[in-house]
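Q: model this:
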Amino acid sequence: MKKYALLSLLVVALLIEGCAKIYYTPDSRSVAQSHQIIAIAPPIVSVAASKNVSADAMIEQQKTESINFQREMYSWLLKRKMQGSISVEIQDVNITNAKLSEAGYLNAQLATPEEMCKVLGVDAVMTSTYALSKPMSQGAAIAMYLFVGFAGATNQTTVDLAVHDYKTNKMIFDFNHKLGTTFGSAASLVDALMRKASKKLPYYTSSY
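A: Prediction:
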């Protein structure tokens, strides 16, 4: 029993370990305080290619992961908003995606942050990229298993999270972090990421 407890502690330590690169403008706090509502753009996700997986299958996996990460980020931020730790409204991701799709932006790569803010009617947009060594979601992992005979969570993830202000058309915050361990779900990865990033996120009213 003690062995399992020790193993769990080691896993948790690995999740939060690592050196993050953080950038924020001197006026990021004051700019963020002027924001009333922000949106979370669909993350750009890349999964390490496998010679046994077709390009079409890989694209579908990346779409699945993007939706999962976007929803988990929204849930995480919404929970902190309800707790009073975040000072800005977060646009429902269903509204975000519907507006982007209607404007012809099927993914975040097709539009600039300024264009997304205009279409979405928000003061700022949060963009992100996730580079995975293996599929994260259960569905994608099963698909990968059917193709190449293995499954499981990613063992290395590089994440970049940025906030872009619409009025000044500039990035006011950027967080880049590499996590070199395993995660059981998109939720666990987003939780580890946001706990780390939130220490500098300009919308936070208190440390978590």
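Q: use CA for all of it now, contacts and neighbours both
A: OK.
Q: Need the contact partners of the helix or strand residue 99 falls within.
A: When elements are assigned from DSSP states H and E, residue 99 belongs to helix 93-102. For helix 93-102, the external contacting residues (Cα atoms under 8 Å, 6 or more residues apart in numbering) are 39-42, 70-71, 74, 106-107, 116, 119-120.
Q: Pick out the lowest-pLDDT one from these.
A: Within these, residue 107 has the lowest pLDDT, namely 65.
Q: which of the residues in the helix holding residue 99 are buried?
A: 93, 96-97, 99-100 (16 or more other Cα atoms under 10 Å).
Q: For the buried ones among the contacts of helix 93-102, write the corresponding PyMOL selection.
A: Applying 16+ other Cα under 10 Å to those, the buried members can be selected in PyMOL as follows:
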select buried, resi 39+40+41+42+70+71+74+107+116+119+120
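Q: List the ones among the contacts of helix 93-102 that fall in strands.
A: Counting by DSSP state E, the contacts of helix 93-102 place 39-40 in strands.
Q: What is the most widely separated pair among the contacts of helix 93-102?
A: 71 and 119 (19.7 Å; Cα to Cα).
Q: re earlier: quick check: mean pLDDT of the helix holding residue 99?
A: In the prediction, helix 93-102 has an average pLDDT of 94.
Q: Please report phi then psi for residue 159.
A: Residue 159 adopts backbone torsions of phi -120, psi 140, taken as degrees, to the nearest 10.
Q: Return the residues in contact with it.
A: 128-131, 175-178, 193.
Q: Tabulate the residues you listed in CSV, adding columns for neighbour count, distance to residue 164 and pLDDT.
A: CSV is the format used below for the contacts of residue 159 (neighbours: other Cα atoms under 10 Å; distance: Cα to Cα, whole Å; pLDDT from 0 to 100):
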residue, neighbour count, distance to residue 164, pLDDT
128, 23, 11, 94
129, 19, 14, 92
130, 21, 18, 89
131, 19, 21, 86
175, 22, 12, 94
176, 18, 15, 93
177, 19, 18, 88
178, 18, 21, 84
193, 22, 18, 83
